[in-house]
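# below are the sequence and a predicted model for it; my questions follow.
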Amino acid sequence: MKMLSFPSYTKKGRLAYSVIEHESGAKLLKGFYLDSSINEDSFFLQYFVQSLFDPFPHLNFSLGNRLGGHLNPSEIDKINNMINSFKDFERLTCFSDYIPFLNAHPYYGSDVSRLKCYAFHYYLQSDFENSRIYFNKILDFETHPNSDWFEDDINIAREFVGFLDSYSYDKGREKLLQWQKETIRGLKIDI
């Protein structure tokens with residue numbers, strides 16, 4: 001990581017990251033991670049974006065992808081060129097850029113997790129109509145044959161629909177910011 005060029009990113013171990021902050025205080029983590037490979041002489045470079053207010057105490061690579069394939073430490077110049085030519089993050093400079101980014105990039109998490117991404121972002125942008133649409137799509141998983149897999153997410157959706165129904169928008173924002181504190185603490189990064 002030391003020899004790789006990540007302008008405008010904070011480096012910590014195998015992670016290079018920057019933060020996008022919404023006026024509410026909600027934050028997105030965007031970055032790169034050097035991931036190990038079975039081959040001891042190579043590694044993978046993962047780019048990702050993580051909503052810090054979605055409760056998840058570890059780095060989450062669901063939204064993003066690998067740059068290149070197996071990379072070799074002897075190819076530092078080639079890797080730095082690849083990083084410097086990566087332009088996808090140029091289209092993610094503010095909070096409102098997140099939804100188009102989500103639409104344009106691979107998402108490797110569950111369908112419910114992806115729906116939560118939309119619901120939470122619309123909620124924080126005060127687009128409560130679209131937020132409700134996505135929370136209701138999560139509630140549809142109550143009839144899924146394995147609904148118990150999604151029980152926590154269904155309960156979260158139910159709670160947020162309650163905030164929407166009672167116009168208690170600040171309660172939802174407070175909940176998201178509390179989860180964000182827990183996520184940042186779990187990630188052990190300085191933000």
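Looks like it came in fine.
# domains for the protein, by residue range?
As recorded under automatic domain parsing, the domains making up the chain are 10-94, 111-185.
# regarding the longest one, how distant is the last residue from the first?
If I follow you right, that is domain 10-94. 18 Å (CA to CA, to the nearest Å).
# weakest of the domains of the chain by average pLDDT?
Lowest mean pLDDT of the domains of the chain: domain 10-94, a mean of 88.
# what count of nearby residues applies to residue 36?
Counted by other CB atoms under 10 Å, the residues lying close to residue 36 total 10. Backbone N, C-alpha and C define where each C-beta goes, glycine included.
# for the chain, which segments are assigned as helices?
76-85, 98-104, 111-124, 128-139, 151-165, 169-187 (DSSP state H).
# mind listing what's buried along the fifth one?
By neighbour count with 16 or more other CB atoms under 10 Å, helix 151-165 contains the buried residues 153-154, 156-157, 160-161, 163-164.
# identify the residue nearest residue 138 in space, chain neighbours excluded?
residue 157 (3.8 Å; CB to CB, 6 or more residues apart in numbering).
# same deal with residue 158?
Counting by CB to CB, 6+ apart, the residue nearest residue 158 is residue 139, at 6.6 Å.
# touching, the one you found and residue 155? I think so.
No. Distance between residue 139 and residue 155: 10.0 Å, which falls outside the contact criterion (CB atoms under 8 Å).
# the closest residue to residue 96 other than its chain neighbours: neighbour count?
Among residues not flanking residue 96 along the chain, residue 125 sits closest, at 6.6 Å (CB to CB, 6+ apart). Residue 125 has 18 neighbouring residues, counting by other CB under 10 Å.
# just the one 3 residues further on next, same as before
Residues near residue 128, counting by other CB under 10 Å, number 17.
# got it, and the one 4 residues further on?
Other residues within reach of residue 132, judged by other CB under 10 Å, total 18.
# correct me if wrong: it contacts residue 161.
Yes. With contact defined as CB under 8 Å, residue 132 reaches residue 161; the gap is 6.6 Å.
# tell me the spacing between the nearest residue to residue 47 once chain neighbours are set aside and residue 78.
Leaving out its chain neighbours, the residue that sits closest to residue 47 by CB to CB, 6+ apart is residue 64, at 4.8 Å. Going from residue 64 to residue 78 by CB to CB, to the nearest Å gives 21 Å.
# with neighbour numbers in mind, choose between these two.
residue 64 (22 against 12).
# which residues does residue 47 contact?
With contacts defined as CB atoms under 8 Å, 6 or more residues apart in numbering, residue 47 is in contact with 30-32, 64-67, 86, 88-89.
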